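Enquirer: return atomic coordinates for the entry below.
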Amino acid sequence: MKHIYKKYIEHFNTNLLQCMVLGRGHNGVVYLLPDGKVIKVCFSEESCRGEYYILNKVNGNKYFPKVYGMNGNYMIRDYVGGICLRDYVKEYGFDRELALKVVSLLEEFDKLKFTKRDIRCKDIFVQPDGTLKVIDPKKCYSKERDFPRHLSKGFEKLGILDYFMEVVKEKRPKLYRRWFRKIREYIREISEEDD
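Expert: Residues are numbered from 1 along each chain as shown. The predicted model follows:
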């Protein structure tokens, strides 16, 4: 842990009482620190180690927050503002430009050699300048998934999956051929489960 963040580690409980809670999820709670960074307190050390490993491995990548260190079940990283993709689409819609940004993000997963090429809508944040940032990367190097399953499910719920796939087909035909059947089969399976 960098020296500047040692005070948060030493006075962990006291400082958290003074910090604003930014969010709670399945893996932990995120607090805003006075200097604008965040501290994520995970419910398990294993979960924290896994997320920290990914963020540290991709440190400096434009799609991920910079991470500064971890200790036990918590880590310090950059704050990610903006609006989660799910809420952004509900409020502002989904256009070709945003679809292509999502495709570029998924292509970056390939470049980073992720074995899990998937992300949930709620874990992608649209920044004020229109760029995308990812929070809560999970099992990117340990789970095998070669198509955006969770993302497709989220897009289907938002009613934008068909449009997204049209853009993929036009601009990235190889990706479209790789994903199309898998996505359609998955969507069919989950719709049958809902019936």
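Enquirer: show me the shaky parts of this protein.
Expert: Along the chain, the model assigns pLDDT under 70 to residues 1-15, 194-195.
Enquirer: could you identify the longest helix within it?
Expert: In terms of residue count, the longest helix belonging to the chain (DSSP state H) is helix 173-194.
Enquirer: which elements pack onto that one?
Expert: The contact analysis (3 or more C-beta pairs under 8 Å, 6 or more residues apart in numbering; DSSP states H and E) places helix 173-194 against helix 96-111, helix 149-158, helix 161-171. To be clear about C-beta, it is placed using only N, CA and C from the backbone, and glycine gets the same treatment.
Enquirer: pull up the pairing partners for the helix or strand that the first one is followed by, direction included.
Expert: Using DSSP states H and E, the helix or strand that directly follows helix 96-111 along the chain is strand 124-126. The partner list of strand 124-126 in its sheet, established with DSSP bridges, is strand 83-84 (antiparallel), strand 132-134 (antiparallel).
Enquirer: and the longest one, how far out from the chain middle?
Expert: The gap between where strand 132-134 is centred and where its chain is centred comes out at 6 Å by C-alpha atoms, centre = their mean, to the nearest Å.
Enquirer: what does it contact?
Expert: Residues from elsewhere that reach strand 132-134, judged by C-beta atoms under 8 Å, 6 or more residues apart in numbering: 63-65, 80, 82, 85, 101-102, 105, 119, 123-127.
Enquirer: and that strand, what's buried?
Expert: Judged by neighbour count (16 or more other C-beta atoms under 10 Å), strand 132-134 contains these buried residues: Leu132, Lys133, Val134.
Enquirer: taking the contacts of strand 132-134 together, which two end up most distant?
Expert: Pro65 and Val102 (18.2 Å; C-beta to C-beta).
Enquirer: that's a helix at Cys140, yeah?
Expert: No: counting by DSSP: H, G, I helix; E, B strand; the rest coil, Cys140 is not part of a helix but coil.
Enquirer: my guess is it meets Ile54, correct?
Expert: Yes: using C-beta atoms under 8 Å, Cys140 makes contact with Ile54 at a distance of 5.0 Å.
Enquirer: quick check: bridge partners of Ile124?
Expert: Assigned bridge partners for Ile124, using DSSP bridges, are Val134.
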